[in-house]
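K.L.:
no FASTA, just this:
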């Protein structure tokens, strides 16, 4: 595709619910990254995939957060039992290899009421 | 641990030069990046510099890197109102691909 796309663009949910956020990377990019950006802050790293496997998940805040990339392309970030503190913009990026420049999608704005 | 710091705000007049500064702590950083974020939009890569360089110029943008002081700056020449945005400095270490971002500098350009 032309760029990284993310769906939905906005998601409103209630505390305690489960959400899934989707990322479509640039076609052919082997590395995919998830970041979280809280209001007034810079993006914070969550997890990155090289192919289908999670190469570094050190940024996931707790076990309520999980991400998959089963076919090495599209990735889904899953958040269980959402809390109000999970409200943020979730950004996805992809690159043509782990050391290459990362290109970001527009983000999913998550609001937990 | 790794940390990246930026000043939060900068205000300039249209036509002036803007200089946005950033400091980082990870001496193993291999690449340093500048991203631009406009309201409600994603991050747009502006430019980057490899850690063995001390300067890179790209049209109106000049990046200076002082590796000894771990200081990075972005100079925008002839700043325009369309340059108003938040600018993020980010560094990448030599292990894996994750980026460490600063808090962002909000640039306001007044006509």
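P.N.:
Thanks, I have it. As the structure is a prediction and not an experimental result, all values here were calculated from the model.

K.L.:
For chain A, what's its nearest residue on chain B.
P.N.:
residue B:101 (3.4 Å; Cβ to the nearest Cβ). Yep, even glycine has a C-beta here, placed from its N, CA and C like the rest.

K.L.:
For that residue, which non-adjacent residue is closest in space?
P.N.:
Nearest non-adjacent residue to residue B:101, counting by Cβ to Cβ, 6 or more residues apart in numbering or on different chains: residue A:42, 3.4 Å away.

K.L.:
surely the residue of chain B closest to chain A meets residue B:88?
P.N.:
Yes. Residue B:101 is in contact with residue B:88 according to Cβ atoms under 8 Å; the separation is 5.2 Å.

K.L.:
Give the residues shared as contacts by those two.
P.N.:
Shared contacts of residue B:101 and residue B:88, defined by Cβ atoms under 8 Å, 6 or more residues apart in numbering or on different chains, comprise A:42, A:43, B:35.

K.L.:
Point out the ones among the residues you listed that are inside strands.
P.N.:
When the shared contacts of residue B:101 and residue B:88 are checked against strands (DSSP state E), the matches are residue B:35.

K.L.:
Of the shared contacts of residue B:101 and residue B:88, which is the most crowded?
P.N.:
In terms of neighbours by other Cβ atoms under 10 Å in any protein chain shown, those top out with residue A:43 at 28 neighbours.

K.L.:
Just the local confidence number for that residue, please.
P.N.:
At residue A:43, the model reports a pLDDT of 96.

K.L.:
check contacts around it.
P.N.:
Contacts of residue A:43 by Cβ under 8 Å, 6+ apart are A:35, A:36, A:37, A:91, B:43, B:88, B:99, B:101.

K.L.:
With neighbour count added, can I get these in CSV?
P.N.:
What follows is the contacts of residue A:43, written out as CSV (neighbours: other Cβ atoms under 10 Å in any protein chain shown):
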residue, neighbour count
A:35, 25
A:36, 21
A:37, 21
A:91, 25
B:43, 28
B:88, 25
B:99, 26
B:101, 22
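
K.L.:
and residue B:86, helix, strand or coil?
P.N.:
Classification of residue B:86 using DSSP: H, G, I helix; E, B strand; the rest coil returns strand.

K.L.:
my read: it touches residue B:106, true?
P.N.:
Yes. Using Cβ under 8 Å, residue B:86 is in contact with residue B:106, at 5.1 Å.

K.L.:
Neighbour count for those two, which is higher?
P.N.:
residue B:86 (21 against 18).
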